[in-house]
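K.L.:
fold the stuff below for me.
(one chain, ligands or ions: 2)
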Amino acid sequence: MSIVKIKKLTKEYHNGKIFVKALKNITLDIKKGEFSVIAGPSGSGKTTLLNIIGAMDKLTTGEIIIDGENISNLSKKEAADFRRRKIGFIFQSYNLIPVLTAYENIELALDLVGGYTKKEKDMLIEEILDQVGILNLKNRKPLEMSGGQQQRVAIARALVKKPAIILADEPTANLDTDTGESILDVMEKLNKELNTTFIFSSHDIMIIERARRIIKLRDGILQN
Ligand code: ADP
Ligand code: ADP
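P.N.:
Ligands and ions are numbered 1, 2, ... in the order given. You can find the predicted model right below:
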């Protein structure tokens, strides 16, 4: 089953006099449970494509269906609702809230979805912290953790609500090689255990080679 179906998608940016064709005629299917990387040099359209898949940005022409929902033309409110239900995001700069502990950062993701009792939240958060290997750090704040540890919190936060898809924009860009590899290990393990679809972007060959599927972009064009 395809969880991502993209047909003849283009994306153009207009900023005053500047006009950029960021994505050109992209047709692409990604199956449920795939572990794929969007690879390409800086400026090739990786972030733009991830943002469109996650309903963070709008396409210009074409069609995109995610987990059976056509998201080609959502209102701002519908897009926010779609993201909350279906998508977990991981960023290169982790984007954790500095005044909250690891536990509280993850709890916030569940509170945004709503409907969980304190007891349910406690169980889900402890479980996911254990799965990413940092249960012992649950009361630490971001600045009391290393970059790799912070990224594990961010992965836990993205996964705790059990989204259909995890989108990760250059998740290892700010990490040294060994730590980057260990973050890939965690994502790979969770992909296998939970069958969650992972789509991440990278321009680092070491990271790209770890994916089971490589989606190559160059100048906004899909390469075969
Ligand atoms: P990558 O993630 O591969 O580095 P991006 O998706 O960020 O590539 O960018 C693709 C192209 O679109 C680049 O030429 C970039 O400058 C341009 N671009 C991205 N976002 C915007 C924007 N908000 N306004 C104008 N141009 C943009
Ligand atoms: P990356 O290479 O990781 O995509 P960038 O620094 O190229 O990071 O871009 C970060 C964000 O800045 C993009 O997602 C896009 O929204 C915005 N951006 C990129 N290029 C441009 C541009 N030429 N004009 C305006 N915004 C841009």
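K.L.:
dump stretch 68-80 to PDB, restricted to CA.
P.N.:
Coordinates of the C-alpha atoms in stretch 68-80 are reproduced here as PDB (Å, rounded to 0.1, in the frame of the first residue of the first chain):
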ATOM      1  CA  GLY A  68      -5.500   8.100   1.700                       C
ATOM      2  CA  GLU A  69      -6.000  11.800   2.300                       C
ATOM      3  CA  ASN A  70      -5.700  14.300  -0.600                       C
ATOM      4  CA  ILE A  71      -3.700  17.200   0.900                       C
ATOM      5  CA  SER A  72      -3.100  19.000  -2.400                       C
ATOM      6  CA  ASN A  73      -5.300  21.900  -1.400                       C
ATOM      7  CA  LEU A  74      -6.000  22.100   2.300                       C
ATOM      8  CA  SER A  75      -6.800  25.300   4.300                       C
ATOM      9  CA  LYS A  76      -4.400  26.300   7.000                       C
ATOM     10  CA  LYS A  77      -6.700  24.800   9.600                       C
ATOM     11  CA  GLU A  78      -7.100  21.500   7.800                       C
ATOM     12  CA  ALA A  79      -3.300  21.300   7.200                       C
ATOM     13  CA  ALA A  80      -2.700  21.800  11.000                       C
END
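K.L.:
contact partners of that stretch?
P.N.:
Stretch 68-80 has contacts (Cβ atoms under 8 Å, 6 or more residues apart in numbering) with Ala55, Met56, Lys58, Leu59, Gly62, Glu63, Ile64, Ile65, Phe82, Lys86. In this view, the C-beta of every residue, glycine as well, is placed from N, C-alpha and C.
K.L.:
pull the longest helix from the chain.
P.N.:
Across the chain, the longest stretch assigned as helix under DSSP state H is helix 177-194.
K.L.:
what's the model's confidence in that one, averaged?
P.N.:
Mean per-residue pLDDT for helix 177-194: 94.
K.L.:
how about stretch 35-42?
P.N.:
Averaging the model's pLDDT scores along stretch 35-42 yields 96.
K.L.:
mind listing what's buried along the longest helix of the chain?
P.N.:
Taking 16 or more other Cβ atoms under 10 Å as the basis for neighbour counts, the residues of helix 177-194 that come out buried are Thr179, Gly180, Ser182, Ile183, Leu184, Val186, Met187, Leu190, Asn191.
K.L.:
if we can go back for a sec, just the buried residues of the contacts of stretch 68-80.
P.N.:
For these, buried by 16+ other Cβ under 10 Å: Ala55, Met56, Leu59, Gly62, Ile64, Ile65, Phe82, Lys86.
K.L.:
excluding covalently adjacent residues, which one is nearest to the last one?
P.N.:
Put plainly, it is Lys86. By the measure of Cβ to Cβ, 6 or more residues apart in numbering, the closest residue to Lys86 outside its immediate chain neighbours is Ala164, 4.6 Å from it.
K.L.:
hang on, that neighbour packs against Ile53?
P.N.:
No. With contacts counted by Cβ atoms under 8 Å, Ala164 stays clear of Ile53, the gap being 10.9 Å.
K.L.:
which residues are in contact with both of the two?
P.N.:
Residues touching both Ala164 and Ile53 comprise Ile66, with contact defined as Cβ under 8 Å, 6+ apart.
K.L.:
neighbour count for these two, which is higher?
P.N.:
Neighbour count, other Cβ atoms under 10 Å: between Ala164 and Ile53, Ile53 has more, with 23 against 17.
K.L.:
noted, bye for now.
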